[in-house]
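Student: Sequence and predicted structure, then a few things I'm wondering about:
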Amino acid sequence: MNFNEVLLKRESVRNYDPAKPVDIDTLKIILEAGRISPSAANYQPWEFWLISSPEMLEKVKPCYERQWIADAPHILVVTGDQNQAWERSDGFNSLQTDLAIAMHQMVLAATNEGVGTCWVTNFKPDILRKALGLKETIKVFGITPLGYPHDNFTKRTAIMRKPMEAVVIYC
Ligand SMILES: Cc1cc2nc3c(=O)[nH]c(=O)nc-3n(C[C@H](O)[C@H](O)[C@H](O)COP(=O)(O)O)c2cc1C
């Protein structure tokens, strides 16, 4: 796949095959895409939690009660520390920007490997914090399931977005 094909192929997958875990080499390719992400001042204020063990999955999955989350063989959690992120003179903190870039690089790398993802931020943070034993300063930014789409997953037929003229300003 070339890069544009990856961009077009990526969509939120909400239907996973629980019987098909992703092999560790492929998972490492995905994690590497996060590790090499850019961040403000190169501070890399992140940690990537790859959850695959049945014990940890059982603790983490109640943070977002959906059958497709329950079916996913892996959950990737991106966390970060505001105290480790770059801050501008007016107080703007780059943590969320840095973590969004890292998360989406991993999402795109997964797509390139044929692995399904879905950005999830509507989780219950307290459940995740407790499951991962996070200290106070660490924020849970986002999670995504990682897994192969189920055989009966139907790909979207169109990408529903605002038209170009509504979002691009040439001047
Ligand atoms: C920051 C962010 C948070 C999201 N949170 C959720 C979520 O909590 N649950 C969910 O099912 N989808 C979530 N999504 C997926 C969006 O609904 C989805 O990306 C959007 O509808 C476009 O569809 P597509 O990803 O298939 O292109 C989130 C996406 C982003 C970028």
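Tutor: Cool, got the structure.

Student: how about the residues of this protein that lie near the ligand?
Tutor: When proximity is defined as C-beta under 6 Å from any ligand atom, the chain approaches the ligand at 11-12, 118-122. For glycine as for every other residue, the C-beta is placed from the backbone atoms N, C-alpha and C.

Student: Output the residues you listed in TSV, with pLDDT and neighbour count appended to each entry.
Tutor: Rendered in TSV, the data for these read as follows (pLDDT from 0 to 100; neighbours: other C-beta atoms under 10 Å):
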residue	pLDDT	neighbour count
E11	98	15
S12	98	14
C118	98	20
W119	98	13
V120	98	19
T121	98	11
N122	98	9
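
Student: nearest to A166, of those residues?
Tutor: Using C-beta to C-beta, E11 is the member of these that lies nearest A166, at 20.9 Å.

Student: quick one: contacts for that closest one?
Tutor: Applying C-beta atoms under 8 Å, 6 or more residues apart in numbering, one finds that E11 lies in contact with 155-156, 159.

Student: Next, the buried residues of stretch 62-78.
Tutor: The neighbour-count check on stretch 62-78 (16 or more other C-beta atoms under 10 Å) flags 63-64, 68-69, 71-78 as buried.

Student: Off-centre distance for stretch 34-51?
Tutor: With C-alpha atoms, centre = their mean, to the nearest Å as the basis, stretch 34-51 stands 12 Å off its chain's centre.

Student: sorry, back to before: kindly reformat the buried residues of stretch 62-78 as CSV and extend each row with pLDDT.
Tutor: Below are these laid out as CSV (pLDDT from 0 to 100):
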residue, pLDDT
C63, 98
Y64, 98
W68, 98
I69, 98
D71, 98
A72, 98
P73, 98
H74, 98
I75, 98
L76, 98
V77, 98
V78, 98
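
Student: For those residues, work out which two are farthest apart.
Tutor: The distance between the two most remote of the buried residues of stretch 62-78 (C-beta to C-beta) is 20.8 Å, for D71 and V78.

Student: element containing T144?
Tutor: strand 138-146 (DSSP states H and E).

Student: List phi and psi for the residue nearest to A70 when sequence neighbours are not counted.
Tutor: Leaving aside its chain neighbours, A70 sits nearest to K61 (5.7 Å; criterion: C-beta to C-beta, 6 or more residues apart in numbering). Main-chain torsions, K61, degrees, to the nearest 10: phi -60, psi -30.
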